[in-house]
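Asker: pasting the sequence and the predicted model now:
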Amino acid sequence: DRFGGTEGGDLATFLIQTAENAVEDNLPDYLSQLKDCTKDSFLEELDDYSIEVIYRRLAANSVAYMLLSRCGLDADGYFEREDFAEITNFNTPQTLNAVGIATSDISEMALREISAAVRNV
């Protein structure tokens, strides 16, 4: 409930949907930081909308991968190499750091909620 509605399914589906919702809710906080550091990266020539789409997809997949892994599921079984192909656009330390911080922060937030729910059960 904390990260928005999810449709039924198994734990993996729930975690992937949770990741997408959490990224959707929190990404604007990180997007401005990314836009400030695109100079000399492959993102530099892209318009703001394209950067946002790439960042959202990569962050959602990264957060979902982390949630699946930390909850004991085989995350490799839910993703393909192409799901993370956009990482090549984050080719400077600053842009790579921007996606890493967003992924880490959002994953931590979701994992804390999951932890609290498990303790309550």
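Answerer: Structure received.
Asker: going forward, measure contacts and count neighbours with C-alpha atoms only.
Answerer: Fine.
Asker: helices or strands up against the top helix by length along the chain?
Answerer: Counting by DSSP state H, the longest helix found in the chain is helix 93-120. If you count contacts as 3 or more C-alpha pairs under 8 Å, 6 or more residues apart in numbering; DSSP states H and E, helix 93-120 packs onto helix 11-35, helix 48-70.
Asker: can I get the ones you listed in JSON lines with mean pLDDT and mean neighbour count?
Answerer: Listed next are the helices and strands packed on helix 93-120 as JSON lines, based on pLDDT from 0 to 100; neighbours: other C-alpha atoms under 10 Å:
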{"stretch": "helix 11-35", "mean pLDDT": "92", "mean neighbour count": "18"}
{"stretch": "helix 48-70", "mean pLDDT": "96", "mean neighbour count": "20"}
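Asker: quick one, which of the ones you listed is nearest to Ser107?
Answerer: Evaluated over the helices and strands packed on helix 93-120, closeness to Ser107 peaks at helix 48-70, with 5.4 Å, by C-alpha to C-alpha.
Asker: what comes into contact with stretch 78-95?
Answerer: 34, 37-38, 40-43, 54, 58, 61-62, 65, 96, 99 (C-alpha atoms under 8 Å, 6 or more residues apart in numbering).
Asker: apply 6 Å and report the result again.
Answerer: Ser41, Phe42, Leu43, Leu96 (C-alpha atoms under 6 Å, 6 or more residues apart in numbering).
Asker: first-to-last residue distance for stretch 39-50?
Answerer: 15 Å (C-alpha to C-alpha, to the nearest Å).
Asker: ok, stretch 40-47 next?
Answerer: Length of stretch 40-47, first residue to last, C-alpha to C-alpha: 15 Å.
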